[in-house]
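Q: build me a model from this:
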Amino acid sequence: MALVAAGRDRGHLATVIERPMPEAVSVAAVGSVAELVSSGGTVRLETAAGRPLGPVTRVPSTARPGEVSRAVRQAARLWERWAASGSGAGDPGLPGTGLLGAGGFAFRPDRDPSGAWSGFPALLLRVPELAVVRVRDRSFATLTVLSQGRPGPDQAAIARGRGWAAALLAAAGRSGLPPAAAVREVVPSRPEADWSAAVGVAVRRLSGPRLRKVVLAREVVTRADGPIGAARLVSALRGANPGSWTYTVDGGDGTTLVGSSPELLIRRRGRHLVSEPLAGSAARGASPAADERLARELRHSAKNRAEHQAVVEGILEALRPLCQTVHVAAEPRVRRLPTVQHLATVVTGLLPAGTAASVLDLAAALHPTAAIAGTPRAAALRVIDELEALDRGWYGGAVGWIDARGDGEFALALRCGLLWEDGLRLFAGAGIMPDSAPAAELAETEWKLRPLLAALQG
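A: Down below sits the predicted model:
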């Protein structure tokens, strides 16, 4: 984070995707030489200043019911062509090294986010000027420059970039965290009684044959007595959630998406892929014995097992047409987080030899999963539009990275907030099933918001 903080201090946009686990890849990206963007119904590559770097493609206006990720698929094709046209020196060929795009996409990548999310397009992958990637306990720095149409490397631009990167890395070694701001207020954007009433309506809809599960999200707005430092917030989240993906993505209007997601949407390494859906939740216990009792109840809960199975089935349905083989764990395990525990299932797959399916293609095939939308997807999205009364923006979308080989990983954009100056909009959701109780679902969102509020106050 020190590198990113130093970059932000100098006016550069930044992105962080990190997970301090064995074999995990962490990315710190500063500056922008190019951006893969979807907005206004088009997908395009452009410079940070908006100069086109290739053709603009229009997203088709027709789609199958529930299909919202056509722009992500088109972005995958543009990235594939552009990555093939570049050249690199010294790339060790490890995941995340060399040319890199970091960012993510919205919960509804077929729509432009609005309101507080207006600084974020439907999809954004930035090619940073400087990327520092940690993989297998080793760190690699990549400097990216545009050739400006000249044949061969632009040695003058490379020399300038090296000087800029060296100065930034030196400054990162001297930077510290800003002072903490004290929280003044925490206010739900929608009265809790209204949200609980919407849950009750959703439960009644679930009594019919057309809907098995729907996820409803809440928003809580916090204000502090001074600017909230993204670096301090991320540092606190990292310490509180060591097994999660901690992330920040800067918007174009001074806002920053900040979060700590426990859920892997998709990872691709060559032909191998992994997804780990979480669905079905319980609180943490006040003692080890209580914790284990709650975990046991979670494992044997018919409501939570049905909710989890619906998510796993959707992922298998999406991946089987793309994979040579798919394997799913026989039983879900309990994934424990600081304030909540979930049922989790690891799904692995092997892509056919010579496949062209990048991690973006796989993310498009999966998104939105039943873990963050519901099932059947089209019916769930209609209920969300009717009952949720907020623009999720990137909450429930995905954050991650892709390299020139099509490898990469995307986590669901969960346990997150949209940061601006002295304010932070926090988001959390709950999976609604036919036997859900509004009070229990409200409590579940509170469990999920608690780590973010603690990080903000700490």
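
Q: give me the low-pLDDT residue ranges for the stretch 201-350 of the chain?
A: Of all residues in the stretch 201-350 of the chain, none has pLDDT under 70.

Q: could you redo the last one with a cut-off of 80?
A: 208-209, 242 (pLDDT under 80).

Q: who's in contact with the closest residue to residue 86 other than its chain neighbours?
A: Once flanking residues are discounted, residue 86 sits nearest to residue 99: 5.5 Å by Cβ to Cβ, 6 or more residues apart in numbering. Any C-beta I mention is one placed from the backbone N, CA and C, and that applies to glycine too. For residue 99, the contact set (Cβ atoms under 8 Å, 6 or more residues apart in numbering) comprises 83, 86, 88, 91, 127, 142, 144, 403-404.

Q: what about the helices in the stretch 51-200 of the chain?
A: Taking DSSP state H, counting those that start in this stretch as the criterion, the stretch 51-200 of the chain carries its helices at 70-85, 155-174, 192-205.

Q: could you tell me the least trusted of these?
A: When the helices of the stretch 51-200 of the chain are ranked by mean pLDDT, helix 155-174 comes last with a mean of 64.

Q: which residues touch the spatially closest residue to residue 377 that is not a sequence neighbour?
A: Nearest residue to residue 377 in three dimensions, chain neighbours excluded: residue 66, at 3.6 Å (Cβ to Cβ, 6+ apart). Neighbour list for residue 66: 376-381 [criterion: Cβ under 8 Å, 6+ apart].

Q: same thing with residue 83?
A: Contact analysis of residue 83 by Cβ under 8 Å, 6+ apart lists 99, 403-404, 406.

Q: now these as TSV including secondary structure and pLDDT?
A: Shown next, in TSV, are the contacts of residue 83 (DSSP: H, G, I helix; E, B strand; the rest coil; pLDDT from 0 to 100):
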residue	secondary structure	pLDDT
99	coil	91
403	strand	94
404	coil	93
406	coil	95
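
Q: out of the residues you listed, flag the one nearest to residue 49.
A: For the contacts of residue 83, the minimum distance to residue 49 (Cβ to Cβ) is 19.7 Å, reached by residue 99.

Q: out of the contacts of residue 66, which sit inside helices?
A: Among the contacts of residue 66, the ones falling in helices (DSSP state H) are 377-381.

Q: just among the residues you listed, which is most surrounded?
A: When neighbours are taken as other Cβ atoms under 10 Å, the top entry among the ones in helices among the contacts of residue 66 is residue 380 (27 neighbours).

Q: residue 431: what secondary structure?
A: strand (DSSP: H, G, I helix; E, B strand; the rest coil).

Q: residue 271 and residue 357 touch, don't they?
A: No: Residue 271 is not in contact with residue 357 according to Cβ atoms under 8 Å; the separation is 9.5 Å.

Q: which residues do these two both contact?
A: Residues touching both residue 271 and residue 357 (Cβ under 8 Å, 6+ apart) are residue 351.

Q: higher neighbour count, those two?
A: Each of residue 271 and residue 357 has its neighbours counted (other Cβ under 10 Å); residue 357 has more, 18 against 15.

Q: you'd agree that one is up against residue 322?
A: Yes: counting by Cβ under 8 Å, residue 357 touches residue 322, with 5.5 Å between them.

Q: overlap in contacts, these two.
A: By Cβ under 8 Å, 6+ apart, the residues touching both residue 357 and residue 322 are residue 351.

Q: now the residue lying closest to residue 392 once chain neighbours are set aside. Its backbone dihedrals?
A: Counting by Cβ to Cβ, 6+ apart, residue 392 lies nearest to residue 107, which is 4.3 Å off, once chain neighbours are set aside. With angles defined as degrees, to the nearest 10, residue 107 sits at phi -60, psi -40.

Q: likewise for residue 304?
A: Here is the backbone geometry of residue 304 (degrees, to the nearest 10): phi -70, psi -40.

Q: what number of residues lie near it?
A: Neighbour tally, residue 304, other Cβ under 10 Å: 21.

Q: list the contacts for it?
A: 279-282, 298, 343.

Q: residue 427 too?
A: 217-220, 392, 395-396, 416-418.

Q: now, which of the residues you listed lie within helices?
A: Among the contacts of residue 427, no residue falls in helices (DSSP H).

Q: farthest pair within these?
A: Most distant of these, by Cβ to Cβ, are 220 and 396, 15.5 Å apart.

Q: comparing those two, which residue is more hemmed in?
A: It is residue 396, of residue 220 and residue 396, that has more neighbours when counted by other Cβ under 10 Å, with 24 against 21.

Q: in contact with the nearest residue to residue 68 once chain neighbours are set aside, which residues?
A: Ranked by Cβ to Cβ, 6+ apart and with sequence neighbours excluded, the top spatial neighbour of residue 68 is residue 110, at 4.4 Å. Residue 110 sits next to 59, 63, 68-71, 122 when contact means Cβ under 8 Å, 6+ apart.

Q: do residue 205 as well
A: Applying Cβ under 8 Å, 6+ apart to residue 205 gives the contacts 211, 214, 383.

Q: what do you get if the cut-off is 7 Å, keeping everything else the same?
A: Applying Cβ atoms under 7 Å, 6 or more residues apart in numbering, we find residue 205 in contact with 211, 383.

Q: swap in residue 316?
A: Contacts of residue 316 by Cβ under 7 Å, 6+ apart are 326, 328, 347.

Q: what helix or strand is the first one on?
A: Residue 326 is part of strand 325-328 when elements are defined by DSSP states H and E.

Q: buried stuff in that strand?
A: Neighbour-count burial for strand 325-328, counted by 16 or more other Cβ atoms under 10 Å, picks out 326, 328.

Q: what is the subsequent helix or strand relative to it?
A: Following strand 325-328 in sequence order, the next helix or strand is strand 333-336 (DSSP H and E).

Q: what sits up against that next one?
A: In contact with strand 333-336 (Cβ under 7 Å, 6+ apart) are residues 262, 278, 295, 298-299, 341-344.

Q: sitting in strands, which of the residues you listed do you find?
A: Taking DSSP state E, the ones among these that sit in strands are 278, 341-344.

Q: can you redo the residues you listed as TSV with neighbour count and distance to residue 136?
A: Listed next are the ones in strands among the contacts of strand 333-336 as TSV, based on neighbours: other Cβ atoms under 10 Å; distance: Cβ to Cβ, whole Å:
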residue	neighbour count	distance to residue 136
278	23	26
341	22	29
342	22	28
343	26	30
344	20	24
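
Q: including distance to residue 410, could the residues you listed go into JSON lines?
A: Formatted as JSON lines, these follow (distance: Cβ to Cβ, whole Å):
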{"residue": "278", "distance to residue 410": "15"}
{"residue": "341", "distance to residue 410": "23"}
{"residue": "342", "distance to residue 410": "18"}
{"residue": "343", "distance to residue 410": "21"}
{"residue": "344", "distance to residue 410": "17"}
